[in-house]
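S.K.: Build me a model:
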Amino acid sequence: MQENHPEILLLELLPYLLSLAITLGLAVFTFHRRSVLGARAFSIVIFVEMLETVGFILELVDPSLNGKMFWDNFQWFTTFLFPVASLYFIMVYIGRFRPAILRWLGLLAVISLGLGMVISADLFPGSGIISPQLIAAEPFSVYTYEFGPVILIASIYSYILLLSGFFVLGREGFRQKGIYRLQTLIILVGLLVPVSGTVLVLSGIDLLPNRDILPFTFAISNIFIVVGLFRYKIFDILPIARNSVMDHISDPVAVLDTDDTILDVNPAFEELLKLPGKMLLKKPIRQFLPSLHPLDESVQKGIVQEECVVQWGQETGFFDTSSKPLNNRLGVYGGRLLIFHNITGLRRAEEELRKHRDNLENLVEQRTAELVIANKTLQAEVTERLRLGESLQTEMTNLDAVFESSPVAMLVLDETTNIVMANRAAVTLTGGSVSDVLQHRPGNALRCIHSHTDPRGCGYSKACSICPARNGMEALLANGGSLQGAELPLVLIRNGEPQDVWLEMGAENMLINGHRHLCVAMNDVTARKRAEEALRENELKYRALFETAEDAILLFTDDRWVDCNAGALSIFDCTREQIIGAHPIKFSPPMQPDGRSSEEEAIKKINLAFTVGPQAFEWEHCRLDGTPFAAEVSLNRLDLGGKPHMQAIVRDISKRKAGEKALRQKLEELHASNNELEQFNRASVGRELRMIELKEEINELCRRLGEAPRHATDQLQTDSVPGAGSAPAPPGGGGHR
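M.R.: Numbers count the residues shown, from 1 in each chain. Presented below is the predicted three-dimensional model:
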């Protein structure tokens, strides 16, 4: 046999080395994806293929019969282990792997190794390898033999394992939809390729004379898998999300991979973007929804709620988006599930509310302060009146004078709750006369609406049994004690009509002639209660206006923003979290248009507002993305909860400033035109005056020559002045003197 050149040997080995390189590259890629479910199991398949290919190459280059027999026997072990490894990978990939299956696979692996041992060691001569021989060929000699019954039995055993696995994998693949079905079918085709190669070998079909095609089938198989890895992202996300993406879900749903590429969508998502699914799949989600939360650790670790804006031409939609991570059974992040809920109606309602905002805060605070002062005054007055009531028992001699002069309505009830004494204020409060009050119960005297439901008056209607005023007075008369500051709602007849009235009541037991009486002080606080109710309504209105104002309204204390309205989020184009806790200078450029430092000027304005009073000025702000805009700012100090705060109202005047600039330019143009007209007028008037002078000189010369003047002086003056009418001719006409 002639000696071969190294170049020829390398050229002959190149296809097999290329197959080995593809297998090694896929092994490296799979190693980097080893944390993904199914990758480790597939790496075992690749390892068996790699050993098979290495064994074949070493058999091919070994020139001796013993060497070729050794490496060929080595390949029988990998050949029979390949079905077990493939079956293990299939069960893991489709999620059917259990500890019991591992035990069965271990038993099958032992059987496969045993079959390899029987064939390689020729334990039953004539049943495995028959008539081995070495045939001389170029550039490598060929090792050939015939298959015995053991090899045929082992092959049938291997095919049964492979076909079982392929059946399970194919059935699982056709149950899936979309990209998941394609992933499974690619894996199935990739595993079928080397099996088809072994079928050709056992069938005696020799595609490559004197050469084994199995390494090439491994290469073709791995090329299929590589296409799946890179184009269809096998192992990046397994088919674990399809059950969550139901076609009948009304909310739009999308499944993304680890790079936020769209893997699957439901019909509602296609309707959301007005695009068919085939134009969405394998495209980055931010290509269609740029406002979506970026992919980061927060997205991978838990559910993220955010708002997303969708634009359809001139129309804008708002959606509440829920991002849920999709982790495989090993707990590794493999993508995320996005569910969109339409909140456009809610946002539009909020926009409508913003149109009704005003500066209600100052009004509410003013009314609050007035009511607080009034309440304190009233409390002080009530306290004083009760003090007078307490001293009543010790100053019985002056009782009549004090009782009558008291501005507080006071009644004295006997043990039967009949009124035995009433001062002028009490009679005035009842709206009747003294006879309408004395010897009547309080309900009759006050004209309680329930005292008219029974002819017997107060205390006999069904409502009287639960009347807090009556029950309270009877309890005090029976058990003693006192009552202070009780506010009771009553319905009294006033001017013939029932009216809701609030009475503030105080009561104190006293002894008169050895019998227990009850001194009751009453004050009509209906106006105050109504004011308090109005205050509560104003507070609600203020909050509504605060939340719906178009201008940005912010509260500042301790060098940080502590509250803001939705208008601030719109003007500064940011979220509430990006404002709260930030320093005001964050939304200003480093320098103002006049060259002043924004930070220094801002501190000055804030200090003036805190110490001197409200400040109003123009300012250049910037939005969160750095876009500048002109604004009107007003600063007012507020004391909230005993702590000084600063209220800032920011109004975007960019459009107004642009209009003012255009107006100034127009005025400058008009002013320039006016100057030109004035210069022209002055020149015209000067020329006319010179003509008058010349004509007067001509007249003077005519007089000196004894001739009549050629020009009338009056006519010259009227003719020379622009706009003047023609002067009349001198009487008698011209002539010589």
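
S.K.: so how far is the first residue of stretch 637-654 from its last?
M.R.: For stretch 637-654, the first-to-last residue distance is 26 Å (CA to CA, to the nearest Å).

S.K.: List the neighbours of that stretch that are in contact with it.
M.R.: If you take CB atoms under 8 Å, 6 or more residues apart in numbering as the criterion, stretch 637-654 is touched by 359, 361, 365, 551-557, 562, 568, 571, 584, 606, 609-610, 613-614, 618-619, 621, 629-636. Just so you know, the C-beta spots here come from the backbone N, C-alpha and C atoms, and that holds for glycine as well.

S.K.: Helices - which of these land there?
M.R.: 361, 365, 568, 571, 606, 609, 610 (DSSP state H).

S.K.: Could you save those residues as JSON lines and add columns showing distance to residue 322 and neighbour count?
M.R.: Converted to JSON lines, the ones in helices among the contacts of stretch 637-654 look like this (distance: CB to CB, whole Å; neighbours: other CB atoms under 10 Å):
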{"residue": "361", "distance to residue 322": "35", "neighbour count": "18"}
{"residue": "365", "distance to residue 322": "40", "neighbour count": "17"}
{"residue": "568", "distance to residue 322": "26", "neighbour count": "22"}
{"residue": "571", "distance to residue 322": "28", "neighbour count": "21"}
{"residue": "606", "distance to residue 322": "40", "neighbour count": "18"}
{"residue": "609", "distance to residue 322": "43", "neighbour count": "20"}
{"residue": "610", "distance to residue 322": "44", "neighbour count": "14"}
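
S.K.: still on that earlier bit, now the buried members of the contacts of stretch 637-654.
M.R.: 359, 361, 365, 551-556, 568, 571, 584, 606, 609, 619, 621, 629-636 (16 or more other CB atoms under 10 Å).

S.K.: Could I get the full set of helices for the stretch 251-400 of the chain?
M.R.: 267-273, 297-301, 344-354, 360-390, 399-405 (DSSP state H, counting those that start in this stretch).

S.K.: Quick one: distance of the first one to the chain centre.
M.R.: Yep, that's helix 267-273 we're talking about. 20 Å (CA atoms, centre = their mean, to the nearest Å).

S.K.: what does the second one give?
M.R.: Between the centre of helix 297-301 and the centre of its chain there are 16 Å (CA atoms, centre = their mean).

S.K.: Next: stretch 300-315.
M.R.: Distance, centroid of stretch 300-315 to centroid of chain: 7 Å (CA atoms, centre = their mean).

S.K.: What residues of stretch 560-569 count as buried?
M.R.: Using 16+ other CB under 10 Å as the test for burial, stretch 560-569 gives 561, 563, 564, 565, 566, 567, 568, 569.

S.K.: And for stretch 132-149?
M.R.: For stretch 132-149, by 16+ other CB under 10 Å, it's 139, 140, 141, 143, 147, 148.

S.K.: Render the CA-only coordinates of that stretch in PDB, please.
M.R.: Extracted C-alpha coordinates of stretch 132-149, given in PDB (Å, rounded to 0.1, in the frame of the first residue of the first chain):
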ATOM      1  CA  PRO A 132     -14.300 -10.000  10.800                       C
ATOM      2  CA  GLN A 133     -11.700  -9.000   8.200                       C
ATOM      3  CA  LEU A 134      -9.500  -6.100   7.200                       C
ATOM      4  CA  ILE A 135      -9.800  -4.900   3.600                       C
ATOM      5  CA  ALA A 136      -7.100  -2.800   2.100                       C
ATOM      6  CA  ALA A 137      -8.300   0.500   0.700                       C
ATOM      7  CA  GLU A 138      -7.200   4.100   0.100                       C
ATOM      8  CA  PRO A 139      -6.500   6.100   2.100                       C
ATOM      9  CA  PHE A 140      -7.800   4.000   5.100                       C
ATOM     10  CA  SER A 141      -8.200   0.300   5.300                       C
ATOM     11  CA  VAL A 142     -11.800  -1.000   6.000                       C
ATOM     12  CA  TYR A 143     -12.900  -3.300   8.900                       C
ATOM     13  CA  THR A 144     -15.900  -5.400   7.900                       C
ATOM     14  CA  TYR A 145     -17.900  -8.200   9.300                       C
ATOM     15  CA  GLU A 146     -21.400  -9.800   9.300                       C
ATOM     16  CA  PHE A 147     -24.100  -9.300  11.900                       C
ATOM     17  CA  GLY A 148     -25.000 -12.200  14.100                       C
ATOM     18  CA  PRO A 149     -28.400 -12.800  15.900                       C
END
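
S.K.: can you tell me the average pLDDT over it?
M.R.: Average pLDDT, stretch 132-149: 80.

S.K.: before we move on, the earlier item: export the helices of the stretch 251-400 of the chain as JSON lines, with columns for mean pLDDT and distance to residue 100.
M.R.: Formatted as JSON lines, the helices of the stretch 251-400 of the chain follow (pLDDT from 0 to 100; distance: least, CB to CB, whole Å):
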{"stretch": "helix 267-273", "mean pLDDT": "84", "distance to residue 100": "40"}
{"stretch": "helix 297-301", "mean pLDDT": "70", "distance to residue 100": "33"}
{"stretch": "helix 344-354", "mean pLDDT": "80", "distance to residue 100": "53"}
{"stretch": "helix 360-390", "mean pLDDT": "78", "distance to residue 100": "71"}
{"stretch": "helix 399-405", "mean pLDDT": "70", "distance to residue 100": "99"}
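
S.K.: winner for burial among those helices?
M.R.: helix 267-273 (a mean of 18; mean count of other CB atoms under 10 Å).

S.K.: packing partners for that helix?
M.R.: strand 253-256 (3 or more CB pairs under 8 Å, 6 or more residues apart in numbering; DSSP states H and E).

S.K.: So which residues of the stretch 601-737 of the chain form strands?
M.R.: 615-622, 628-640, 643-652 (DSSP state E, counting those that start in this stretch).
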